[in-house]
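1. coordinates for the following, if possible.
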Amino acid sequence: MCEFLDSAFGKLREGDLEGAREAFNQAAQRDEKNAYVYVGLGNISFREGDLKKAKELFDKAVSLDEKNSYAHVGLANIFFRKGNLRAAQESFNKAISVDNNNPYAYVGLGNIALRKGDTAAASECYDKALLLERKDPYAYVGLGNIASQKGDFVAAAGYFNQALLLDNKNSYAHFGLGNIFFQQGKIEAAAEAFNRAVLFDKKNSYAYVGLGNVSSQKGDFTQAIEYFNKAISLDDKNPHAYLGLGIVYSCLLDRDYTPEKTKILKKLEQLDKGLAERLREFKP
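-> Residues are numbered from 1 along each chain as shown. Predicted structure coming up:
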């Protein structure tokens with residue numbers, strides 16, 4: 001049984017979702033009441049963007065083992081993806097209450113803190129995760145995002161590249177490097193990095209925002225609108241997708257796009273008041 005689960009989680013880490021699914025199903029045939037089987041299958045569904053199925057599987061894992069910390073992390077990640085930060089925080093804290101050595105729960109809390117703009121708390125969470133697991137690429141991605149926000153692109157690139165050494169298919173690390181290139185005016189390098197992010201995770205809403213920004217910078221507004229709308233279709237609570245879309249509409253002169261901009265501003269007010277103000281002040 002253990003060998004099937006080890007193989008399954010190994011394939012999951014490598015990004016071989018079909019191979020992992022087959023191995024988890026083989027494990028289930030031997031012990032259908034093993035909560036880790038459903039945690040693994042839930043992670044596969046989550047990566048595929050099927051949040052409803054993922055939640056069913058994580059709930060199944062919790063019903064079999066209420067103290068399975070990784071099942072609570074899985075549920076928390078779903079809440080986070082949906083923008084329900086309060087529920088996500090409760091689930092991450094639940095994961096820690098049953099296993100305070102789960103590094104992924106601290107990464108999750110770090111992501112929430114970063115989303116709220118509390119970089120000090122976020123950094124503390126990511127550092128705690130790395131104390132528990134030095135090879136967790138997502139903790140390095142988090143630290144990279146903090147450094148990038150502070151404008152320290154050298155440190156940020158170091159963190160993102162460390163994440164890629166541990167997992168060269170990490171979509172968010174490629175996206176982070178793309179953002180650095182974009183900020184530095186290296187548009188083609190940014191486009192390559194964002195495309196790699198999409199290659200390794202076609203559900204990464206932020207990667208499409210990056211590609212939208214590249215297209216907008218090049219003046220290809222039609223393509224930019226497609227990318228921003230794709231990002232919104234994947235995550236309708238991604239504020240940067242709405243900001244990008246609003247900027248494009250501000251640049252278009254073929255007709256009056258006030259109704260579209262008004263709708264976008266209303267949505268941004270709900271998601272991120274700072275970005276809403278940026279859009280109001282934007283001058284093409």
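2. list the contacts of residue 177.
-> Residues in contact with residue 177 (Cβ atoms under 8 Å, 6 or more residues apart in numbering) are 157, 160, 161, 193. For glycine as for every other residue, the C-beta is placed from the backbone atoms N, C-alpha and C.
3. mind doing that once more with 6 Å?
-> By Cβ atoms under 6 Å, 6 or more residues apart in numbering, the contact list for residue 177 reads 160, 193.
4. can you check residue 52 too?
-> Contacts here follow Cβ under 6 Å, 6+ apart; on that basis residue 52 touches nothing.
5. run through who's touching the stretch of helix or strand residue 10 belongs to.
-> Mapping residue 10 onto the secondary structure by DSSP states H and E places it in helix 2-14. With contact meaning Cβ under 6 Å, 6+ apart, helix 2-14 is reached by 19, 20, 23, 24, 26, 27, 36, 40.
6. tell me how this protein divides into domains.
-> If you go by automatic domain parsing, the domain ranges for the chain are 1-134, 204-277.
7. show me where the stretch 101-250 of the chain has its helices.
-> 103-115, 119-132, 137-149, 153-166, 171-183, 187-200, 205-217, 221-234, 239-251 (DSSP state H, counting those that start in this stretch).
8. now the fourth one, how far from the centre of its chain.
-> Averaging C-alpha positions (Cα atoms, centre = their mean, to the nearest Å) puts helix 153-166 17 Å from its chain's average.
9. report the buried residues of it.
-> Residues 153, 156, 157, 159, 160, 162, 163, 164, 166 are the ones in helix 153-166 that count as buried (16 or more other Cβ atoms under 10 Å).
10. what is the burial count for the residue nearest to the fourth one when sequence neighbours are not counted?
-> What it means is residue 159. Leaving out its chain neighbours, the residue that sits closest to residue 159 by Cβ to Cβ, 6 or more residues apart in numbering is residue 144, at 3.4 Å. Residues lying near residue 144 (other Cβ atoms under 10 Å) number 28.
11. give me the distance between residue 144 and residue 24.
-> From residue 144 over to residue 24 the distance is 31 Å, taken as Cβ to Cβ, to the nearest Å.
12. residue contacts, residue 133?
-> Contacts of residue 133 (Cβ under 6 Å, 6+ apart): residue 103.
13. and for residue 231?
-> Going by Cβ under 6 Å, 6+ apart, residue 231 touches 205, 208, 209, 238, 241.
14. for the host helix or strand of residue 38, C-alpha coordinates in CSV please.
-> Element membership of residue 38, judged by DSSP H and E, is helix 35-47. Output of helix 35-47 as CSV, limited to C-alpha atoms (Å, rounded to 0.1, in the frame of the first residue of the first chain):
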residue,chain,number,x,y,z
ALA,A,35,-7.6,9.3,3.7
TYR,A,36,-4.4,10.1,1.8
VAL,A,37,-5.8,8.5,-1.4
TYR,A,38,-8.5,11.1,-1.4
VAL,A,39,-6.1,13.9,-0.5
GLY,A,40,-4.0,12.9,-3.6
LEU,A,41,-7.0,12.7,-5.9
GLY,A,42,-8.2,16.0,-4.5
ASN,A,43,-4.9,17.6,-5.4
ILE,A,44,-5.2,16.3,-8.9
SER,A,45,-8.7,17.8,-9.3
PHE,A,46,-7.5,21.1,-7.8
ARG,A,47,-4.6,21.3,-10.3
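15. so how far is it off the chain centroid?
-> Its chain's C-alpha centre and that of helix 35-47 lie 17 Å apart, by Cα atoms, centre = their mean.
16. so what touches that helix?
-> For helix 35-47, contacts defined as Cβ under 6 Å, 6+ apart pick out 5, 8, 17, 20-21, 24, 27-28, 53-54, 57-58, 60-61, 64-65, 68, 70-71, 74.
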